[in-house]
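S.K.: just to be clear, the model below is a prediction. Sequence and coordinates:
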Amino acid sequence: MTAVAPAERLVGRRYAALGMRRMWYGTIIVLAVEFAFDFGQTLQQLGQYRDVAPVLTGWAVLLVADAAVAIVSRVLGEHLPHWLFWLYFIALAAALALDIEATWGMPDMGFSFTVGTSAVLSLVLAAITRSPLELTLAGGGLTAVAAVAMLLGGSMRPATLDHAVFAICHMFLPIVVVAFIADNFRRLVRRETEELLSQSAISAPRLTIGIEASEQLARLDLAAESLLGAVADGRMRLPLSEELAKRAGALATELRLHLLESRSKTWLGLAIDESPLLRQDVRLEDPRAAAGLLSTRQRAALLSALWLLHDERGVSSRAGLSPIVLAFGEPAPAPEAETLDAVVISVDVPGSTRMMVDPGVWEHFAQVGRYRESIDPRGMRIDIRCLVPAVRGGARGRTAH
Amino acid sequence: MEQVQLKRDRLLRHAARVYGAAGLIASLAVLSTPGSLGTPAYLIGLPLYAVAAAFTALLPGRRTLVWFAQIVAATIAITIDLTLVSPLSPAAVLALAVLLGAFLPGCSIVLFAHRYGALVFWALSLAAAAVAVLTLGPVTVWFAPLVLVLVGCGIAHCCGYVIASSIPRALRQVAEIGRAYRAERQASELESQRRQSARLLHDTVLATLTLLAHSGRGVSEEALRAQARNDAHLLRQLRLGEPLFTLPDAGYRPEPVEETTLGTTLDSVKQRFERLGLDVNWHGAGKVLLPPGVLDGFLFAISECLENVRRHSGVGLAHVTITEDDRAVRAMITDAGRGFQIDSVDAARLGLKESVIARLAELGGSARLFSSPGAGTTVLLEVPR
């Protein structure tokens, strides 16, 4: 099955900035403090500029650019188009250039930079809408320009080097920190969203097909309806042309495959397929669709345990880690009661030890069934034996001949 | 809510470490300039910075207060070293200001995980400012660093507050989306159940499409057209969510019916095959009680077998005998056509294997096939009651 869209759609652009509004106000306040600080310094050293036009123009450019970006990304719902970001970047670079022009020839440019510092730090306004890498690169680029200017302007002399170094750190490091925090925040929200969305699969019946597949079936039905309708009212003449006949055949095949496939999908397959994060970390082997037999409580616990296991892997290095394999055995009669079957679920967690696992995982597994864990050099394996209602109609043991 | 707290605290810890690390790096970088490079204070300061870096980098885990105490201790040690060991250089003053205005407040972000964290935060910040004022001598020396420290504390406070207060809000919003999504999923589940349970309808649509794919060979044009009209009509009804009156057992049931009779449905199968040129004779029970899901599968298997008879047997008549007992319902589909060598048929063909056998196995039933060349074919279908 190809990528399932709905969950991805939800955690995509529209919800990427979920809960970011406060963070956004926070960056504006921080930036305002920085502006006040720098502008105060500009006023203080106004007499030292050869010409005050560049630095004042720089402030004007910066204020207009910041206001524009703040308003646009607010109106677009915490979204900033590519081209606008780069336009913004150019405006910031212009403000920095004007400051360099203004302070050029001053003995201690690292100390005298004002609008330039504010311009580079303004990049944090884009922190909630751009990737950390982009932000760091942009900030690094502008800081490098300022550093080169200080070097060429003779401000990296031993006597003023401390101010130059401070200016470089002051421009670049806050951007890295803000980019990191915003990225962590985004990740957290995304993970929570995906977990919640995947939990909605728990209430599915034993076999299900999911939102996307349901839409596809509806689409196929509609295609069949229009084809059959065209045949019925004579718009398509019988016998059909080769091309149309081929289309009917393809439609029949697709419909048949769809009706077959849909019957083998369980809530768990759905939950994993619909979550991009789980999909890259968990592989499901469940040829008998035994996962569908679990009760709602067992399902919820199993899914929560999977998410916790996923989190652990996120913390340790994820590179080259093979996925967690979740294999469901065949339901077999349980000695405990006539009406119960036992299903063995084995969970292979490569590269993990008991120590690393969140204690919550064991609590959840205990709710699924009786479990036993074993550790070997490759990782950890947990076998859970869970009791489920016996398959209806004495079907057990009977197979097709 | 506890989960939310944990997640919020984890993010605060991450943020504090990165913020603090950036402050420490900046402070050391400023200190490593000619003004103080090589002085005794610098040489003693290096290991202290290393210790502070180790403290910062170590995962604080859940004992954040212990971690924070270590950070404060390291800060105090570095402050004493810078102010007392050598005469103060401007570089050292700046490095100290960065330490007290970025490193310490940055690490203090963890305090926002606690109830009175902000209070402790400002108590500490003011203490740090007081230290700066008391140790740095005349106003001209300490005024600029003091402003730097206070601005730094203000910014760190803003960061801590924003992170601490926006996570619970964000997670509440996420929960709302989760609820909306669950509702959407349930609606779609109902819709797909409706479509899926219209099995018999899909089976006839499949049969018609297959006929069309073979350009309708072997069927009169009129019959095929009638069949297409019927199917298109049913699909339309399915799409509009109307009950499928003409196929009462196949389609939409507003309330699931426990048991259904076979009678009318057997007739509809019979009529369909008559239109396609195959007579079907029913024998045995005309009324069979089966749960709806099982009934659909059973009828589908019968129609699929009849379709095989129509296509391959070369005769125009098939017999269907239905028998039942307490445990199972059986159908025997017989024709007197040309038959075939069972081994010679590729069982993996989508036709019989996938559709009939797989479908019956899913219901707990089975199918058996008897045939030899020239002796006709018999299929035995069985489903449990």
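M.R.: Cool, got the structure.
S.K.: need the three-state assignment for the residue of the stretch 151-300 of chain B found nearest chain A.
M.R.: Nearest residue of the stretch 151-300 of chain B to chain A: residue B:170, at 2.3 Å (CB to the nearest CB). All C-beta atoms are positioned from the backbone trio N, CA, C, and that covers glycine. Under DSSP: H, G, I helix; E, B strand; the rest coil, residue B:170 falls in the helix class.
S.K.: same question, residue A:371
M.R.: Classification of residue A:371 using three-state DSSP returns strand.
S.K.: any idea of the pLDDT on it?
M.R.: With respect to pLDDT, residue A:371 has a value of 89.
S.K.: over to the one 4 residues further on?
M.R.: At residue A:375, the model reports a pLDDT of 83.
S.K.: what values do phi and psi take at it?
M.R.: phi -120, psi 130 (degrees, to the nearest 10).
S.K.: over to residue B:277?
M.R.: phi 100, psi 20.
S.K.: now swap in the one 4 residues further on and tell me
M.R.: Recorded main-chain torsions at residue B:281 are phi -100, psi 120, according to degrees, to the nearest 10.
S.K.: any idea how far apart the tips of stretch B:21-41 sit?
M.R.: One end of stretch B:21-41 sits 21 Å from the other (CA to CA, to the nearest Å).
S.K.: where along the stretch 151-300 of chain B do the helices fall?
M.R.: B:199-213, B:221-240, B:263-275, B:292-308 (DSSP state H, counting those that start in this stretch).
S.K.: burial count for residue A:221?
M.R.: For residue A:221, the neighbour count with other CB atoms under 10 Å in any protein chain shown is 21.
S.K.: if you count contacts, what does the helix or strand of chain B with the lowest mean pLDDT end up packed against?
M.R.: Across the helices and strands of chain B, mean pLDDT, DSSP states H and E gives its lowest value to helix B:263-275, namely a mean of 71. With contacts defined as 3 or more CB pairs under 8 Å, 6 or more residues apart in numbering or on different chains; DSSP states H and E, the packing partners of helix B:263-275 are helix B:199-213, helix B:221-240, strand B:279-284, helix B:292-308.
S.K.: okay if I get the ones you listed as JSON lines plus distance to residue B:137, mean pLDDT and mean neighbour count?
M.R.: Output for those, formatted as JSON lines (distance: least, CB to CB, whole Å; pLDDT from 0 to 100; neighbours: other CB atoms under 10 Å in any protein chain shown):
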{"stretch": "helix B:199-213", "distance to residue B:137": "89", "mean pLDDT": "76", "mean neighbour count": "24"}
{"stretch": "helix B:221-240", "distance to residue B:137": "85", "mean pLDDT": "79", "mean neighbour count": "19"}
{"stretch": "strand B:279-284", "distance to residue B:137": "109", "mean pLDDT": "81", "mean neighbour count": "14"}
{"stretch": "helix B:292-308", "distance to residue B:137": "89", "mean pLDDT": "77", "mean neighbour count": "23"}
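S.K.: which of these sits closest to residue A:243?
M.R.: helix B:199-213 (11.5 Å; CB to CB).
S.K.: the helix or strand where residue A:40 lies - what's its average pLDDT?
M.R.: Element membership of residue A:40 [criterion: DSSP states H and E] is helix A:21-44. Helix A:21-44 comes out with an average pLDDT of 89.
S.K.: any bit of the next helix or strand after it sitting next to chain B?
M.R.: Tracing the chain past helix A:21-44, the next element assigned as helix or strand by DSSP H and E is helix A:53-75. No. On the criterion CB under 8 Å from any CB of the partner chain, helix A:53-75 is out of touch with chain B, staying 16.0 Å away.
S.K.: any idea how far helix A:53-75 is from the chain center?
M.R.: 31 Å (CA atoms, centre = their mean, to the nearest Å).
S.K.: mean confidence for it?
M.R.: Rounded mean pLDDT across helix A:53-75 is 91.
S.K.: before we move on, what about stretch A:294-314?
M.R.: pLDDT averaged over stretch A:294-314 gives 87.
S.K.: is any part of it close to chain B?
M.R.: No. Against chain B, stretch A:294-314 shows no contacts by CB under 8 Å from any CB, the least distance being 10.0 Å.
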